[in-house]
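> only geometry, no sequence info:
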DNA sequence: AATCGGAAGGTTTTT
DNA sequence: CCTTCCGATT
């Protein structure tokens, strides 16, 4: 049987299917057989996937037989919510929806023992991996400059996502030629040692989650069969970002029924650097000659100006699947261009622009997103926002889970769950300081290596390895082991929150940071508390899902299974609701915001200096720009600075080539810095005439008929003075504390009785004078 | 063994 | 610029 027949259990499905356009509908109801949906930005990609799941359920397909894979937890969660909204709380919950990594990690917890992994295996994040690689490079007495950890990690990751183990890596002449040419012929040995250490620690890195799943399916046909039977209907989101390992796993899983539906947009492929391969999309036709192809081209997200800009940009790429994204929305407002003299001024101007737009259109903070190419750019932006008292939330960057104190505590948890987790052991054996120093640890590591044992196994019985430890040190080690064992014993009866907070105190971690008595120490304690709160929430959620049955609470082990695959973007608390979003463009994929500001549009930054040497890299940068533009629903602002501090050095920068790939008539007149209007005007024409010389430009239009043009509101600021009592439409009565700026940028700081101090741009605030103070 | 200070090195992008 | 690592000092 090639295609599983749908059970007949007719329900009225028309009511929710009405909400789809023709193409979306066709893609949704094509339930059987291979399907590829090429979905332009904002064309309802997620909608198709969620409605498809709902449709399958309504046709009587068992929820347990559906698998939906995404790339980010955020996307998975969103899909889940939307499915539950469509089909109600019951059945929808049983659909397997999650990221590749989380779904595969589950499979490996169940069946990984066939590959020699216990179900409580640890997951090493990239920090752990790199630390281990550095350790190995140093153990092998190689030059750590030649064998830079991130470079080696990159090579190993690339090998794993191409399903190449250390032996295959060693025996592959192409790979070896590359390594020899780059003067790094020992990578193959580092790879082998690295894998041995991971195995010894009962640990997998991110790439192993995919690689091992592949090995499991390839080596154990009965396991593959089991999951083929289970996952009769497979859906994959963001298919353009799959790598070879993911491609092959999906292909195997779907081999039986061929009920596979992939959704993607080649124009939004931005992870080639990580091994993602667009040809997975193009090759699908070869794998499934009878594949049904659907194109979603109507954009429901953005104004025509934004759609046009995106389309114009992408035409500069040679490699693409032809499609025409269109919208029936109006032109909307034009694109604003901000030109700042420096990175700091860019921060100020961006903050000012947000402030203006907020005041002008009565918008909440969360209507805005600021997107950048690299995390390092957030700093100057943050400063600008802080000065204007605009609340913001940064996603990514130094992630919460990567903070020292959090990693320390999590390492305790990891060691409790999996004693052999060497990275965790290494990290906390002397945190807080308990007199077990480098020398001792060094000895234990050597013994562990020689005997193929983990640090824990050595530490449990140091004498049998002939380690010349003095009795004091031996005592300290056995105390540590005893402590961890006591945690393990308690862990059997306690829920996640109880044991976690017990460990946080008993280990001495909290006390250690409290004793620092510095602001950093205080914030570390707060972070630990935040983690514990998160665990509490996790524990209590279990009670909810068990219909209030208090006896079933989630364990620490269950928490740890999830946490390794979580990122910062996955923790959204209520207080983050009304804040401006700051994130990298990569992190913004799949999201949308009414107002989007893309900053740092400068040569060598965006496009990145590392990606301008080859056409394919440059095209990926351009797709990244495409993604950035298409996040915007109603208004887009592009910004660049003429100078920027780059690792402490002041450097001059040129506007990005991408800026001129958008036709001039889509741009608005520039934001004025308020310093020198004539200079700004001159600079503006400069930026279009000197730096934008590669294409003939049409004359700029003035922004007369732009609805949100600032001139639309009446300036009433002529007579506002310090000390005056004034009234604001929404803030009520207040007193003017100070005034700054000139002309259209004149601002006042006003203390309102009801809401406290506010900074107002007088041209929008429409203050009424009620007294002269 | 712990602490402090200086040097060096690092910026893509993420599960 | 900021973080991290290493070595010298106590």
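Sure thing, it's come through. Keep in mind that what you see is a predicted model, and the values were worked out from it rather than measured. Residues are numbered from 1 along each chain as shown, chains lettered A, B, ... in the order given.

> got the residues of the stretch 501-650 of chain A near DNA strand B?
Residues of the stretch 501-650 of chain A lying close to DNA strand B by Cβ under 7 Å from any atom of the strand are A:565, A:567, A:569, A:583-584, A:586-587, A:608, A:610-611, A:617, A:646-648. Just so you know, the C-beta spots here come from the backbone N, C-alpha and C atoms, and that holds for glycine as well.

> let's go with 10 Å and repeat that
Proximity of the stretch 501-650 of chain A to DNA strand B, by Cβ under 10 Å from any atom of the strand, involves residues A:512, A:515, A:564-570, A:583-589, A:605-611, A:617, A:620-621, A:624, A:645-649.

> buried subset of those residues?
Those of these that meet the buried threshold are A:512, A:564-565, A:567-570, A:583-589, A:605-608, A:611, A:617, A:620-621, A:624, by 16 or more other Cβ atoms under 10 Å.

> from those, which land in helices?
Counting by DSSP state H, the part of these found in helices is A:512, A:585-588, A:617, A:620-621, A:624.

> for the residues you listed, which two are the farthest from each other?
Taking Cβ to Cβ, the two most distant members of those are A:512 and A:617; they sit 45.4 Å apart.

> can you give me the helices for the stretch 251-400 of chain A?
For the stretch 251-400 of chain A, helices defined by DSSP state H, counting those that start in this stretch occupy the ranges A:279-282, A:284-287, A:304-314, A:343-361, A:378-387.

> hang on, residue A:597 in a strand?
Yes: counting by DSSP: H, G, I helix; E, B strand; the rest coil, residue A:597 is located in a strand.

> so who does it touch?
By Cβ atoms under 8 Å, 6 or more residues apart in numbering, the residues touching residue A:597 are A:338, A:350, A:353-354, A:368-371, A:636-639.

> who does it form a beta bridge with?
residue A:370, residue A:637 (DSSP bridges).

> make JSON lines out of the contacts of residue A:597 and add neighbour count and distance to DNA strand C.
Formatted as JSON lines, the contacts of residue A:597 follow (neighbours: other Cβ atoms under 10 Å; distance: Cβ to the nearest atom of the strand, whole Å):
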{"residue": "A:338", "neighbour count": "23", "distance to DNA strand C": "23"}
{"residue": "A:350", "neighbour count": "26", "distance to DNA strand C": "20"}
{"residue": "A:353", "neighbour count": "19", "distance to DNA strand C": "25"}
{"residue": "A:354", "neighbour count": "24", "distance to DNA strand C": "24"}
{"residue": "A:368", "neighbour count": "26", "distance to DNA strand C": "25"}
{"residue": "A:369", "neighbour count": "23", "distance to DNA strand C": "24"}
{"residue": "A:370", "neighbour count": "29", "distance to DNA strand C": "19"}
{"residue": "A:371", "neighbour count": "27", "distance to DNA strand C": "21"}
{"residue": "A:636", "neighbour count": "30", "distance to DNA strand C": "30"}
{"residue": "A:637", "neighbour count": "24", "distance to DNA strand C": "26"}
{"residue": "A:638", "neighbour count": "25", "distance to DNA strand C": "26"}
{"residue": "A:639", "neighbour count": "25", "distance to DNA strand C": "21"}
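
> DNA strand B: which of those residues is nearest?
Using Cβ to the nearest atom of the strand, residue A:371 comes nearest to DNA strand B of the contacts of residue A:597, at 10.5 Å.

> wait, isn't the closest one in contact with residue A:586?
No: the pair residue A:371 / residue A:586 is not scored as a contact, 9.4 Å apart, by Cβ atoms under 8 Å.

> what pLDDT is listed against the residue sitting nearest the centre point of chain A?
In chain A, the C-alpha nearest the mean C-alpha coordinate belongs to residue A:587, at 4.0 Å (Cα atoms, centre = their mean). The confidence metric pLDDT takes the value 86 at residue A:587.

> distance check, it against residue A:410.
22 Å (Cβ to Cβ, to the nearest Å).

> check residue A:194 too.
As defined by Cβ to Cβ, residue A:194 lies at a distance of 21 Å from residue A:410.

> give me every residue in chain A that's in contact range of DNA strand C.
A:127, A:130-131, A:134-135, A:137-138, A:144, A:149, A:376, A:379, A:398, A:402-404, A:407, A:437-438, A:520, A:645-649.

> just the ones of the residues you listed in helices?
A:127, A:130-131, A:134-135, A:137-138, A:149, A:379, A:404, A:407, A:438, A:520.

> now tabulate the residues you listed in JSON lines and tack on neighbour count.
Listed next are those as JSON lines, based on neighbours: other Cβ atoms under 10 Å:
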{"residue": "A:127", "neighbour count": "14"}
{"residue": "A:130", "neighbour count": "16"}
{"residue": "A:131", "neighbour count": "15"}
{"residue": "A:134", "neighbour count": "17"}
{"residue": "A:135", "neighbour count": "18"}
{"residue": "A:137", "neighbour count": "23"}
{"residue": "A:138", "neighbour count": "12"}
{"residue": "A:149", "neighbour count": "18"}
{"residue": "A:379", "neighbour count": "15"}
{"residue": "A:404", "neighbour count": "14"}
{"residue": "A:407", "neighbour count": "19"}
{"residue": "A:438", "neighbour count": "8"}
{"residue": "A:520", "neighbour count": "12"}
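
> from those, which two are the most distant?
Counting by Cβ to Cβ, the most remote pair of those is A:379 and A:438, 34.2 Å apart.

> quick check: residues of the stretch 101-250 of chain A near DNA strand B?
Residues of the stretch 101-250 of chain A lying near DNA strand B (Cβ under 10 Å from any atom of the strand): A:101-105, A:123, A:125-127, A:129-130, A:143-145, A:148-151, A:153-154, A:157, A:161, A:205-207, A:209-210, A:241, A:243, A:246.

> could I have the buried ones of the residues you listed as ChimeraX selection syntax?
Buried residues within those, by 16+ other Cβ under 10 Å, are selected in ChimeraX with:
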select /A:101,102,103,104,105,123,125,129,130,148,149,153,157,161,205,206,207,209,210,241,243,246
